[in-house]
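> let me see the structure of the following:
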Amino acid sequence: MAGLLQAFNAALIRKPMATQCATSAVLFGAGDVVAQQVFEKKGRDHDFVRTARLAFYGGAIFGPILTKWLQFLERLKFSSPTKGVVYRVYLDQGVFTPMVVGMFFSSMTLLEGKTIQDAKERIHEAYTPTLIRNWGVFIPTQVINFAIVPPHLRFVTVGVVSLFWNAYLSSVNAKKQVEVADNSTPEDVSLSADEKKDL
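Next up, the predicted model:
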């Protein structure tokens, strides 16, 4: 295990973009597995296409953006370590995160084959509560991250916390996906969940 961690740490230093994108893909995919199996109790009805979408988003979209963003924050210079933590957390949670939350719901909607209008509706429904909950989780996380974690390991810190956050995001996205589908078929609205199972 120690050797594996050393190899991973070395890969983060040598090839940060590739390593962090692969890590992000695994963590987003794992988060969806947790969401489906632990929270939604899907069992054998696991939606593997949904897990693949989340993994693709994590590795191909979110991973590269977060890697570049953290590198940008690290290049910023401040007069004291305390100011560095305060301003980095402010930029991360006040500027970057609001954009990323919207990007997540819009990207997932489009990857599902839905329209831009569907993406707007999903963002309208889910954006504000998701952003507020994100702040509750990641403001303290990023204070610790920028204060004591070495720069090349900050992505990993975010990733570990994100394993559970991604499970939450996946569940919210899936719930809003179902709501949009229900709204598009008015004849089904009158049926309860139990009645639908009986069909």
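
> quick one: least confident helix or strand in this structure?
helix 193-198 (a mean of 46; mean pLDDT, DSSP states H and E).

> so in this structure, which helix runs the longest?
Counting by DSSP state H, the longest helix found in the chain is helix 116-148.

> that helix - contacts with which helices or strands?
With contacts taken as 3 or more CB pairs under 8 Å, 6 or more residues apart in numbering; DSSP states H and E, helix 116-148 sits against helix 81-91, helix 97-111, helix 154-183. Quick note: C-beta positions are derived from backbone N, CA and C, even for glycine.

> to Leu70, which of the ones you listed lies closest?
Closest of those to Leu70 is helix 154-183, at 5.5 Å (criterion: CB to CB).

> show the pLDDT at the spatially most central residue of the chain.
Central residue of the chain (CA atoms, centre = their mean): Asn166, 4.6 Å from the mean position. Confidence at Asn166, expressed as pLDDT, is 76.

> I figured it hits Ala25, correct?
No: counting by CB atoms under 8 Å, Asn166 sits too far from Ala25 to count as a contact (11.0 Å).

> residues shared between the contacts of the two?
Contact criterion CB atoms under 8 Å, 6 or more residues apart in numbering; residues shared by Asn166 and Ala25: Gly58.

> ranking the helices and strands packed on helix 116-148 by mean pLDDT, which is last?
Among the helices and strands packed on helix 116-148, helix 154-183 scores lowest, with a mean of 77.

> other SSEs contacting that helix?
On the basis of 3+ CB pairs under 8 Å, 6+ apart, helix 154-183 makes packing contacts with helix 16-34, helix 48-56, helix 63-75, helix 97-111, helix 116-148.

> Pro151 reaches Arg75, doesn't it?
No: using CB under 8 Å, Pro151 is not in contact with Arg75; the gap is 9.9 Å.
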